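Colleague: Predicted model and sequence follow; I will ask about them next.
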Amino acid sequence: MRHPHHSSPPVLAGAVSPIKTVPADIPRPDYAESGVPQVTAPDDLKKDIDTVERMRLAGSAARRVLRKVANEISPGVTTDYLDQVCHQACIEEGGYPSPLNYNGYPKSLCTSINEIICHGIPDDRPLREGDIINCDVTIFLDGVHGDHSETFAVGNIDQPSTDLIRITRECLYLGIGAVRAGGFVNEIGKAIQTHAEAAGFGVVREFIGHGVGEVFHHLPNIPHYYEPSARFEFASGMTFTIEPMITIGSPSANLWEDGWTAATSDLSRTAQFEHTILVRDDGVEILTLEDNEPQPFLASGGGADWPQTISTGTKNSQE
Ligand code: MF3
Ligand code: CO
Ligand code: CO
């Protein structure tokens, strides 16, 4: 039997290292000890200016942490090591790595390789030349979460994987470009699905974007596919993620026995990019950027290009 989408052997579960601790002086979210989130969605989804300002700082911290993680990506490096880098970098920012014990999740970072759609658990598997890996960082800093991810190439990757990563990144920014105060949430999925399918790719439906702030995941739901009935209306001050997961083959997901890792049902490759964003009267602000990066979706941004992707390390490269 031939498997046309497989450009590498399936990802297998590895050994997961012991749970890490966070220094006691770092403020932690309500689920850190019990594993169960207590606070639920706020009634008013519009954040006040104080919360927005804290989210800017959490967002830029998430971006810096992701840069540090990405800089370590190289063939031979384990995802457990990337998790360790993320964990330490969050602490150095004065924050708590939001995934740690969130509904019992055992690590500080999500590492999703090749056919893994999302929520891959870091383990002792070394990265291999030709892999693609999504690293998803969330930091809880000064009482709010900043949620950000990109997909990276490990060394040289094949052409379908290169195309998949490019299209997925474009889907994120086209999705952000579809957001406006007074607009509907379904305009995001429409833009994303149109672009993905024009490239021959699929859109995952089982995992969606989400409101974020003092609570890690709250309303509204942000589908990345076109859902005509999703007529939630955006208003200035709302903060949420857009995080499309795009597939070369089947977009349907299979959950591993660990209860977290989601793989494509046909083991074809998948990629994801994620930003946390803020709806404003003058456009959309990407919160998971650093201050010196352009804001292409603000009137004041003057039509800047989309933000640059984070670059990976060059440790084991031949140059
Ligand atoms: N960062 C992921 C998201 O984009 C959520 C990870 S939750 C975890 O929503 F428990 F899996 F870490
Ligand atoms: Co998210
Ligand atoms: Co995320």
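Modeller: Received the coordinates, thanks. Ligands and ions are numbered 1, 2, ... in the order given.
Colleague: that's a helix at L57, yeah?
Modeller: Yes - secondary structure of L57, determined by DSSP: H, G, I helix; E, B strand; the rest coil: located in a helix.
Colleague: what about D136, is that helix, strand or coil?
Modeller: Classified using three-state DSSP, D136 is strand.
Colleague: what's the burial count for it?
Modeller: By the criterion of other Cβ atoms under 10 Å, D136 has 25 neighbours. C-betas here are computed from N, CA, C, even on glycine.
Colleague: Run through the residues that contact it.
Modeller: Listed by Cβ atoms under 8 Å, 6 or more residues apart in numbering, the contact set of D136 reads P99, L109, C110, T111, S112, C118, H119, D147, H148, S149, Q272, E274.
Colleague: Strands - which of those residues land there?
Modeller: C110, T111, S112, C118, D147, H148, S149, Q272 (DSSP state E).
Colleague: Now whichever residue of the stretch 51-200 of the chain sits closest to ligand 2: closest residue in space that isn't a chain neighbour?
Modeller: Nearest to ligand 2 in the stretch 51-200 of the chain, going by Cβ to the ion, is D147, at a distance of 4.1 Å. With Cβ to Cβ, 6 or more residues apart in numbering as the criterion, D147 has its nearest non-adjacent residue at 4.4 Å, and that residue is T138.
Colleague: Spell out which parts of the protein neighbour ligand 3.
Modeller: By the rule Cβ under 5 Å from the ion, the part of the chain lying against ligand 3 is D136, D147, S149, E274.
Colleague: residue contacts, T78?
Modeller: T78 makes contacts with P122, D123, D124, R125, P126, L127, as judged by Cβ under 8 Å, 6+ apart.
Colleague: what's the helix or strand for the second one?
Modeller: I take that to be D123. Under DSSP states H and E, no helix or strand contains D123.
Colleague: pretty sure it is touching L12, no?
Modeller: No - counting by Cβ atoms under 8 Å, D123 sits too far from L12 to count as a contact (9.3 Å).
Colleague: of the two, who's got more company?
Modeller: With other Cβ under 10 Å as the criterion, D123 and L12 differ in neighbour count, and D123 comes out ahead with 21 against 8.
Colleague: just for the chain, where's the confidence low?
Modeller: For the chain, the stretches flagged by pLDDT under 70 are 1-7, 316-319.
Colleague: repeat that with 80
Modeller: 1-7, 314-319 (pLDDT under 80).
Colleague: With adjacent residues omitted, what lies nearest to the residue nearest to the spatial centre of it?
Modeller: If you average the C-alpha coordinates of the chain and look for the closest C-alpha using Cα atoms, centre = their mean, you land on S149, 3.3 Å from that point. Across the structure, with Cβ to Cβ, 6+ apart as the measure, the residue nearest S149 apart from its sequence neighbours is D136 (3.7 Å).
Colleague: Go through the contacts of D136 and name the one nearest L289.
Modeller: Distances from the contacts of D136 to L289 were compared by Cβ to Cβ; the smallest belongs to H148, at 8.8 Å.
Colleague: who's the closest one bridged to?
Modeller: The residues paired with H148 through beta bridges, assigned by DSSP bridges, are V137.
Colleague: hang on, isn't it packed against T276?
Modeller: Yes - with contact defined as Cβ under 8 Å, H148 counts as touching T276 (6.4 Å).
Colleague: and F232, backbone torsions?
Modeller: In terms of degrees, to the nearest 10, the main-chain angles of F232 are phi -60, psi 130.
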